[in-house]
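Enquirer: Would you be able to build a 3D model of this:
(chains A and B)
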Amino acid sequence: MSEKTKNKPKTPDKGGKSILDDNQLIRQRRAKAAELAAQGVPLFPNTFRPRDLISDIKKNYGHLDIERLETLNLSFVIAGRIMSLRSFGKAAFMHIMDRSGEQLQVHVQKNVLGDEAYARFKKLDVGDLVGVSGPLFRTRTNELTIRANQVTLVTKSYRPLPEKFHGLTDVEQRYRQRYLDLIMNREVRAIFEARSKIVSTIRRFLHQRDFMEVETPMMQHIPGGAMARPFETYHNALGMPLYLRVAPELYLKRLVVGGLERVFELNRNFRNEGVSVRHNPEFTMLEFYMSYASYEDLMPLTEEMLAECAKEVVGSLKFDYQGREIDMSPPWRQLDFRTSLLEIGGVPPKVLFDAEEALGLSRELGGVHKPGDGLGKALDKIFEVTVEPELWQPTFITGHPLEISPLSRTSDHDPDAVERFEFFIAGREMGNGFSELNDPDDQRQRFLEQVAQREAGDEEAQFMDADYVRALEYGMPPTAGEGVGIDRLVMLLTDQPSIREVILFPLLRPEKG
RNA sequence: GGGCCGUUAACUCAGUUGGUAGAGUAUCUGACUUUUAAUCAGAGAGUCGCGUGUUCGAAUCACGCACGGCCCA
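Expert: Residues are numbered from 1 along each chain as shown, chains lettered A, B, ... in the order given. Predicted coordinates for the structure are as follows:
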């Protein structure tokens, strides 16, 4: 162990790397910064204001040739991060990246800056944020470049960036230090740009159809609206337990009772479940409710909305997801729940209406069932294993069993089925819609059945929500509602295999140190 | 929860049968005013994820733990 290493300050953690570790590279950068500071150069000034965006410069002037740029003699003011630096004796080239995510080359010359300014420039590091002004020209190799009249340190960076050629690839570090991932990986930025575009497309789509965006409680006394385990928390001042919502559904329908006949909420839900390539404990969901409409009206609306997202983000309704083509062109296939089990799942007909047979098959397929579980639960599990992965092209599945749909309106034709669809793309459930149950007595009865299942040990069964039933007693207009998983939609449209690639800060265990 | 894989320099990765820890990039010093992963010469940089054990000796073998990835439930 060298003398230097011995003297370095011990960090409080016991073993393992500290987050705020120190190394030779950081010490060197800090030393250079200290030299600049000693010369009176501010390391973190907030005075520089860029005037131009690199993407605009490239778009507007990128087609001009050497001579044309020479005669025009256009000057620009940009600011961004030094992504690379090639230094010669009395000149240097660097690439600057700004918020547009694009880079522009800058040529810095000693005889242009002057001796003192050039000496200061030589103290800068890759990763520093700088402001640059000067005319645009083309180098001998024809690269669009700014000849720097001035280079100003805007923010000192004490930590070295990952190596330029391989960049940052360690998945764990990419998620933990997403800021580095975003600096180094252009494609990652593109994913989140696409995500933003999808969300704004949906908002615009719904606003155009007279939907109103609302925000309902994420902290709820009674976590309702979905079959899922909630996160529990506690309000100290009021001395009461609270749950993070698993869905906004029951609140949104209260608003429909209140006369907000077209509402939507696009925000986070929380489910206390495992983590996988398809699941993150907090995830984003669109829920919308439309009065005087049925589940059948929502299907074409869904097709249209997602088609618009695809056009906006991919530019086409046909695209590849993980190497297989998806065609989102409406109309999508529609298939009855039991028919899909028969035709796609290859399930024997005797299973479809016999609880014992169905539970048996489900268990064979690895399903875990509690004593209270019936035909519906069993078929749902069988569906998940045998049919869902096969639904690659967009498909609506309709006619779900009532048992697994406690908030849906019963079918007028079949008392055991509900007016509901789920839709699937790329072998994954993307959304769920139904005609809402607005008969308060029926709803109370369904809640009671859920409560019984909960008492029988089903932690995902729903709670009785008496106020929700009371709201229905005032009268909720006939309404259809739908939920769409936004993270999965983003995965689909950005061709990402894992939900963690479309969530900026996916849940991870804390880092030591 | 189970199985498999991974964790070595700032980054990307090698590391043989257990015998003093390696490369490329990055960094530092010197040269260099049109480079494109610039080039040339030299140098520094490591708690080999953490711990225990086996051993004369462990990055390497065994066991446990932590974190992550993929698959399964």
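Enquirer: Show me what counts as buried in the biggest helix by length in chain A.
Expert: Determined from DSSP state H, the single longest helix within chain A is helix A:186-208. Within helix A:186-208, the residues scored as buried using 16 or more other Cβ atoms under 10 Å are A:188-189, A:191-192, A:194-195, A:198-199, A:201-202, A:205-206. The C-beta positions use only the backbone N, C-alpha and C, and glycine is treated the same way.
Enquirer: hmm, who's touching stretch A:336-356?
Expert: The contact list for stretch A:336-356 (Cβ atoms under 8 Å, 6 or more residues apart in numbering) reads A:335, A:357-358, A:361, A:374-375, A:378-379, A:382-383, A:386-387, A:390-391, A:397-401, A:417.
Enquirer: Could you list which of those also contact RNA strand B?
Expert: Among the contacts of stretch A:336-356, none lies close to RNA strand B by the criterion of Cβ under 7 Å from any atom of the strand.
Enquirer: out of those residues, which are buried?
Expert: Neighbour-count burial (16+ other Cβ under 10 Å) applied to the contacts of stretch A:336-356 gives A:335, A:357-358, A:361, A:374-375, A:378-379, A:382-383, A:386-387, A:391, A:397-401, A:417.
Enquirer: Could you spell out the sheet neighbours of the longest strand seen in chain A, each with its direction?
Expert: Secondary structure of chain A read by DSSP state E shows that its longest strand is strand A:75-87. Applying DSSP bridges, strand A:75-87 is found paired with strand A:91-97 (antiparallel), strand A:129-138 (antiparallel).
Enquirer: what pLDDT does A:Met290 get?
Expert: As summarised for this prediction, A:Met290 has a pLDDT of 98.
Enquirer: same check, this time on A:Ser87
Expert: If you check A:Ser87, the pLDDT there is 95.
Enquirer: quick one: it and A:Gln109, what's the gap?
Expert: Plainly put, A:Ser87 is 12 Å away from A:Gln109 if you go by Cβ to Cβ, to the nearest Å.
Enquirer: does the longest strand of chain A come close to RNA strand B?
Expert: Yes. Part of strand A:75-87 sits close enough to RNA strand B to count as contact by Cβ under 7 Å from any atom of the strand, namely A:84-87.
Enquirer: Buried among those? Need that as a selection in ChimeraX.
Expert: Isolation of the buried members of these (16+ other Cβ under 10 Å) is achieved in ChimeraX through the command below:
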select /A:85
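Enquirer: For RNA strand B, what's the nearest residue on the stretch 301-450 of chain A?
Expert: Closest approach between the stretch 301-450 of chain A and RNA strand B, counting by Cβ to the nearest atom of the strand: A:Gly366, at 3.8 Å.
Enquirer: doesn't that residue fall inside a helix?
Expert: No. The assignment for A:Gly366 is coil, going by DSSP: H, G, I helix; E, B strand; the rest coil, so no helix is present there.
Enquirer: Next step: the buried ones among the contacts of stretch A:336-356 restricted to helices.
Expert: Restricting these to those inside helices, with DSSP H as the criterion, leaves A:357-358, A:361, A:375, A:378-379, A:382-383, A:386.
Enquirer: C-terminal to the lowest-mean-pLDDT helix or strand in chain A, which secondary structure element comes first?
Expert: Across the helices and strands of chain A, mean pLDDT, DSSP states H and E gives its lowest value to helix A:3-7, namely a mean of 29. Counting by DSSP states H and E, the element after helix A:3-7 in chain order, helix or strand, is helix A:24-38.
Enquirer: Pull out the buried positions in that following helix.
Expert: Buried residues in helix A:24-38, counted by 16+ other Cβ under 10 Å: A:29, A:32-33, A:36.
Enquirer: can you list contacts of stretch A:432-450?
Expert: Looking at what lies outside stretch A:432-450 - Cβ under 8 Å, 6+ apart - the contacts are A:253, A:256, A:289, A:294-295, A:298-299, A:302, A:405-410, A:418-423, A:461-465, A:468-470, A:472-473, A:475-483.
Enquirer: Quick one: distance of it to the chain centre.
Expert: Computed by Cα atoms, centre = their mean, to the nearest Å, the chain-centroid distance of stretch A:432-450 equals 31 Å.
Enquirer: what does stretch A:357-377 give?
Expert: Between the mean C-alpha location of stretch A:357-377 and the chain-wide mean there is a distance of 33 Å, by Cα atoms, centre = their mean.
Enquirer: Next, the residues that contact that stretch from outside, please.
Expert: So stretch A:357-377 is in contact with A:347, A:350-355, A:378-379, A:381-382, A:385-386, A:400-404, A:452-453, A:456-458, going by Cβ under 8 Å, 6+ apart.
Enquirer: mean confidence score for it?
Expert: 88.
Enquirer: list the buried ones in that stretch?
Expert: The neighbour-count criterion (16+ other Cβ under 10 Å) identifies A:357-359, A:361-362, A:367, A:369, A:372-377 as the buried residues of stretch A:357-377.
Enquirer: quick one: which of the residues you listed is nearest A:Lys59?
Expert: Taking Cβ to Cβ as the measure, A:Lys59 lies nearest A:Gly367 of the buried residues of stretch A:357-377, at 55.3 Å.
Enquirer: And that closest one, how close does it get to A:Asp354?
Expert: Following Cβ to Cβ, the distance that separates A:Gly367 from A:Asp354 is 16 Å.
Enquirer: before we move on, what about A:Ala148?
Expert: Using Cβ to Cβ, we find A:Ala148 at a distance of 79 Å from A:Asp354.
Enquirer: More neighbours: which of the two?
Expert: Summary of the neighbour comparison: A:Ala148 and A:Asp354, criterion other Cβ atoms under 10 Å, with A:Ala148 having more neighbours (24 against 14).
Enquirer: And the longest helix of chain A, what does it pack against?
Expert: Other elements packing on helix A:186-208 under the criterion 3 or more Cβ pairs under 8 Å, 6 or more residues apart in numbering; DSSP states H and E are helix A:178-184, strand A:212-213, strand A:262-270, helix A:295-313, helix A:486-494.
Enquirer: and of these, who's closest to A:Thr71?
Expert: Comparison of the helices and strands packed on helix A:186-208 against A:Thr71 by Cβ to Cβ identifies helix A:178-184 as nearest, at 36.4 Å.
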